[in-house]
Each structure stands twice: as structure tokens, then as C-alpha cells.
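**Q** here is my input, please return the structure:
(2 chains)
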Protein chains: 2
Amino acid sequence: MTAEEFINNITHEIFKEAYDYYFKALPTPIVGNDKSWVDSKELYHSLSERQRLQMQTFTKLVIQDVVSILLGKIDNISSFANQDGLFELSINGNVINGDLQDYFLMSMDKLKM
Amino acid sequence: MTAEEFINNITHEIFKEAYDYYFKALPTPIVGNDKSWVDSKELYHSLSERQRLQMQTFTKLVIQDVVSILLGKIDNISSFANQDGLFELSINGNVINGDLQDYFLMSMDKLKM
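**A** Numbers count the residues shown, from 1 in each chain, chains lettered A, B, ... in the order given. You can find the predicted model right below:
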């Protein structure tokens, strides 16, 4: 698996398992005991159509930022204060980190088309 | 850096650079040309205090899910359909993946206290 294939997999997985899941499940009836999920559903149910679209936009922004921060650290673009040395991510002995954040931002741009 | 230290760093960084940043910046006046950000601010400004707290809860949920999905893949808890072999994340030659998702979920539990 190349770095680009890894990122395409990650982007697909996160959008299927998180983003798509949220906006399929949020409109369903508010049941269950998970407070975070009940709160999120109550919010969604109380919003106008316009606000719901804005919530989708904000959710994409959060996903993009969070993945980007994490990949930037694995890419060694910036280091933690207590970091000594560099990260290396490999699969089958092939190193794939270095440009993961760039590939991810490109894959997000494609999603917006 | 141990796996636990890496995760504590990641959790701290993501909450400072994303979560804390959002909820400091969203209440400020709606200016600028970034459509995603303008939409997100318009949403926030249109919400009641109760809805704003629910938006914070939903944002934490998104962050937790997204980081957890990504770390689960790096931990080799589940594989991609086209994956051949296992991921290895190391720093200074020390392998740190395997329990990253667990450490992250524990660090999120601590944040809720």
C-alpha cells in the first residue's frame, strides 16, 4: 500500500464511518442513554434545514483539521516539545510517512468537487 | 517518546489547536471569505446557549471518533480491504503502535472528569 492509497483508504473510511453515519443517524428518533449522542441528536432535531447544512460544513471542517493535525505530526512537519527523534510509519517495511498530510488535503479537495 | 506520551501529546494538541480554537473563534464577528468558516460561525451565532453546549458535545464526539478510527488502523485492529501486511509506527527505532487507540480513549475519559 502506497502513501496515497493509505490516505484514500483513511479518507473513505472516516467519511463512511463518521460523517455519513452521523448525518444518517442524527435525523432518527432520540432514544438511548448515551448522553453525547442524545445531545447531538437534540441539537440536530432543533435546527432548520439551513442550520443543518451549516452543521455538515462544520463537521467536515473538524474532520479535516483533526486528521491534518495528526498526520502532520506523523509526517514530522512539526515536533512535540518533548520529542526526541522522528516518526516513521511503515507497512511491509515500506516507509509511507512524509507527505501524508498533503495527500489528505488533496483527497479532501477532491471530495468538495 | 512512549506510546502513552505520544497519545497525551496528540490529545493535548488536538484539543488546543482544534476544539479550544473553535470555541474561542466561533463567537467572534463573522468576517472573512472562507465559506466553511463563515457557515460555521453563522451556525454558532444563531444558536441558543443550550444548543451551543450541544454543539460542543457533538464536536468532542467527532474528534473522538475520527482519531479513534485513524489510530485503530495504525494499531492494525482492523485492516483495509486492499491491505497487505501490518502498519508499524516507530520513533527512534522504538515501535509505539498496537495500543494507541486504547490509550487515546483513556485520555479522552480523563478529559471528561
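**Q** C-alpha only now, for contacts and for neighbours.
**A** Will do.
**Q** and residue A:1, how many residues sit next to it?
**A** Number of residues near residue A:1 (other CA atoms under 10 Å in any protein chain shown) recorded here: 17.
**Q** try the one 5 residues further on
**A** Using other CA under 10 Å as the criterion, residue A:6 is surrounded by 20 other residues.
**Q** show me which residues of chain A are close to chain B?
**A** Proximity of chain A to chain B is assessed by CA under 8 Å from any CA of the partner chain, with A:1, A:9-10, A:13-14, A:18, A:36-37, A:39-40, A:42-43, A:51, A:54-55, A:57-59, A:61-63, A:65-67, A:69-70, A:80, A:82-92 identified as the residues in range.
**Q** now, those residues that are in helices?
**A** Filtering these for membership in helices, criterion DSSP state H, returns A:9-10, A:13-14, A:36-37, A:39-40, A:42-43, A:51, A:54-55, A:57-59, A:61-63, A:65-67, A:69-70.
**Q** residues contacting the residue positioned nearest the centre of chain A?
**A** Relative to the mean C-alpha position of chain A, the nearest C-alpha, by CA atoms, centre = their mean, is the one of residue A:63, at 3.4 Å. Contact criterion CA atoms under 8 Å, 6 or more residues apart in numbering or on different chains gives B:62, B:63, B:66 as the residues in contact with residue A:63.
**Q** just put those in JSON lines and tack on pLDDT.
**A** Formatted as JSON lines, the entries for the contacts of residue A:63 read as follows, by pLDDT from 0 to 100:
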{"residue": "B:62", "pLDDT": "97"}
{"residue": "B:63", "pLDDT": "97"}
{"residue": "B:66", "pLDDT": "97"}
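**Q** kindly reformat those as JSON lines containing distance to residue B:75.
**A** As requested, the contacts of residue A:63 are exported to JSON lines (distance: CA to CA, whole Å):
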{"residue": "B:62", "distance to residue B:75": "20"}
{"residue": "B:63", "distance to residue B:75": "18"}
{"residue": "B:66", "distance to residue B:75": "14"}
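**Q** tell me what the lowest-mean-pLDDT helix or strand in chain A is packed against?
**A** Per-element confidence for chain A was summarised using mean pLDDT, DSSP states H and E. The lowest value among helices and strands belongs to helix A:100-111, with a mean of 92. Contacts defined by 3 or more CA pairs under 8 Å, 6 or more residues apart in numbering or on different chains; DSSP states H and E place helix A:100-111 against helix A:3-14, helix A:49-74.
**Q** so what touches the helix or strand that comes right after the first one?
**A** Counting by DSSP states H and E, the element after helix A:3-14 in chain order, helix or strand, is helix A:21-25. If you take CA under 8 Å, 6+ apart as the criterion, helix A:21-25 is touched by residue A:56.
**Q** what comes up buried for helix A:21-25?
**A** Under the neighbour-count criterion of 16 or more other CA atoms under 10 Å in any protein chain shown, helix A:21-25 has A:22, A:23 buried.
**Q** ok, now stretch A:24-37?
**A** Residues A:26, A:36, A:37 are the ones in stretch A:24-37 that count as buried (16+ other CA under 10 Å).
**Q** ok, stretch A:93-112 next?
**A** Of the residues in stretch A:93-112, those scored as buried under the neighbour-count criterion (16+ other CA under 10 Å) are A:96, A:97, A:98, A:99, A:100, A:101, A:102, A:103, A:104, A:105, A:107, A:108.
**Q** then that stretch to PDB, C-alphas only?
**A** What follows is stretch A:93-112 as a C-alpha-only set of coordinates in PDB (Å, rounded to 0.1, in the frame of the first residue of the first chain):
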ATOM      1  CA  GLY A  93       8.800  -2.400   5.600                       C
ATOM      2  CA  ASN A  94       7.900   0.400   3.200                       C
ATOM      3  CA  VAL A  95       8.000   3.800   4.800                       C
ATOM      4  CA  ILE A  96       4.900   5.800   3.900                       C
ATOM      5  CA  ASN A  97       5.000   9.000   6.000                       C
ATOM      6  CA  GLY A  98       6.400  12.300   4.900                       C
ATOM      7  CA  ASP A  99       3.600  13.600   2.700                       C
ATOM      8  CA  LEU A 100       0.500  12.100   4.300                       C
ATOM      9  CA  GLN A 101      -0.900  15.400   5.300                       C
ATOM     10  CA  ASP A 102      -0.500  16.800   1.700                       C
ATOM     11  CA  TYR A 103      -2.200  13.700   0.200                       C
ATOM     12  CA  PHE A 104      -5.000  14.000   2.700                       C
ATOM     13  CA  LEU A 105      -5.700  17.700   1.900                       C
ATOM     14  CA  MET A 106      -5.700  16.800  -1.800                       C
ATOM     15  CA  SER A 107      -8.100  14.000  -1.200                       C
ATOM     16  CA  MET A 108     -10.400  16.400   0.800                       C
ATOM     17  CA  ASP A 109     -10.200  18.900  -2.100                       C
ATOM     18  CA  LYS A 110     -11.500  16.100  -4.500                       C
ATOM     19  CA  LEU A 111     -14.400  15.400  -2.100                       C
ATOM     20  CA  LYS A 112     -15.600  19.000  -2.400                       C
END
